[in-house]
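> how would this look folded up:
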Amino acid sequence: MKKLLLASTALVLSAGLAHAQAVRITGEGRMGIQYDSTAPFGGSRVRQENRLTLNFNVSVEADHGLTFGAWSRARMQVAGQGTAQQGVFSGSRVWVEASGFRLTFGNQDGAFRQAGTAMGYAGGCGVGYEGGQQCGDSVGLLGVTQGQNSTGSDNEPMVGLSYTMGSTRFALSHARGGATELGIRSTFDAFTVAVGYTNGGAGANSYAVSGRYNGGSWGVGAIVARIASATTNYAISGNVDLGGGSLYGYIGRVATQNAYGLNYGYGLGGGGTLHVGAERVGAVTTASVGVVFNF
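Below is the predicted model:
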């Protein structure tokens, strides 16, 4: 009887361990000083900022070549100048994947941000330790494309379908009562090209064409976007290894305003990077210095 009890206990513990191994926690920590010429930080142009992000990733292999997964995020950060830390969980997403196809329900980036640009996040956000205060290099795409909600529930039910074959990725997404998006990205040797489209949820069509060349220690990229069938924006960017770090810069035109930015990132080891960056879009200047580490 004791042997049977011990064996049963071992089986239960083994099953629990197997499920525990399917849960993976990743994240990001950051801290720095931010500047904004419009003085949005409680009337101040400068603020101290820090954030901790924890991503909870679950993946389970089923029969018939199926893989099931889920994701949610916890974020703790300073809400504003002189305010206390606040923490919140995001909405979740769940997916099933087989043979390169993935079907996802829930809180997620739309097809445009997943596969519709050749570089960066929504085509840019490469200035600053925080991933861009203005993101002028994303040429206005942040304002018209679907994005996941990292600071609360996702009240817009979304479904996404993607297919990856080698270095080519196709994505299609739709939010009930909202936008439908399409993105295609492919890499040929050192060249990456992409096209993206969204109807903006209200018939305000936006699309972009972008390309990037990766020269190893250097690279160049360009993106052109037509926003809401009204404004054509563009950005030309480049990066080069310099002094043990990487220098990134861009120039462009966003909503009839000139835009440009410069950032230098220096690797500190252990996943940590020190960033110093600044950008100007129209009459607004932002800058920051800070450290970010990933785990």
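
> From what I see, residue 125 and residue 134 are in contact.
No. Assessed by CB atoms under 8 Å, residue 125 is found out of contact with residue 134, at 9.1 Å. C-beta: built from backbone N, CA, C; applies to glycine.

> The two: which is more packed in?
The neighbour comparison of residue 125 against residue 134 (other CB atoms under 10 Å) goes to residue 134, with 22 against 19.

> pretty sure the more buried one is in a helix, no?
No. Going by DSSP: H, G, I helix; E, B strand; the rest coil, the assignment for residue 134 is coil, not a helix.

> wait, what's in contact with the nearest residue to it once chain neighbours are set aside?
Among residues not flanking residue 134 along the chain, residue 281 sits closest, at 4.9 Å (CB to CB, 6 or more residues apart in numbering). Residues in contact with residue 281 (CB atoms under 8 Å, 6 or more residues apart in numbering) are 134, 136, 254, 257, 258, 259.

> 10 Å - rerun?
133-137, 140, 252-255, 257-261 (CB atoms under 10 Å, 6 or more residues apart in numbering).

> Which of those fall within helices?
Applying DSSP state H to the contacts of residue 281, no entry is found in helices.

> hey, what's in contact with both of residue 125 and residue 134?
residue 142.

> From the contacts of residue 281, list just the buried residues.
Neighbour-count burial within the contacts of residue 281 applies to 133, 134, 135, 136, 137, 140, 252, 253, 254, 259, 260, 261; the criterion is 16 or more other CB atoms under 10 Å.

> Just the closest of those to residue 245, please.
Checking the buried ones among the contacts of residue 281 against residue 245 with CB to CB, the nearest one is residue 261 at 16.2 Å.

> Excluding chain neighbours, give the residue nearest to that closest one in space.
Distances taken as CB to CB, 6+ apart put residue 279 closest to residue 261, at 2.9 Å, once the chain neighbours are dropped.

> burial count for that neighbour?
26.

> pLDDT wise, what is the nearest residue in space to residue 227 that is not next to it in sequence at?
Ranked by CB to CB, 6+ apart and with sequence neighbours excluded, the top spatial neighbour of residue 227 is residue 140, at 4.6 Å. For residue 140, the pLDDT comes out at 96.

> ok, now which ones touch residue 140?
122-124, 206, 208, 225-228, 231-233, 235, 252-255, 259, 281.

> for this protein, which spans come out with low pLDDT?
1-21, 79-85, 201-202 (pLDDT under 70).

> residue ranges for the strands of the stretch 151-295 of the chain, please.
158-165, 168-175, 180-188, 191-198, 206-214, 218-227, 231-242, 245-254, 257-269, 272-281, 284-294 (DSSP state E, counting those that start in this stretch).

> Having no further points to raise, I will conclude here.
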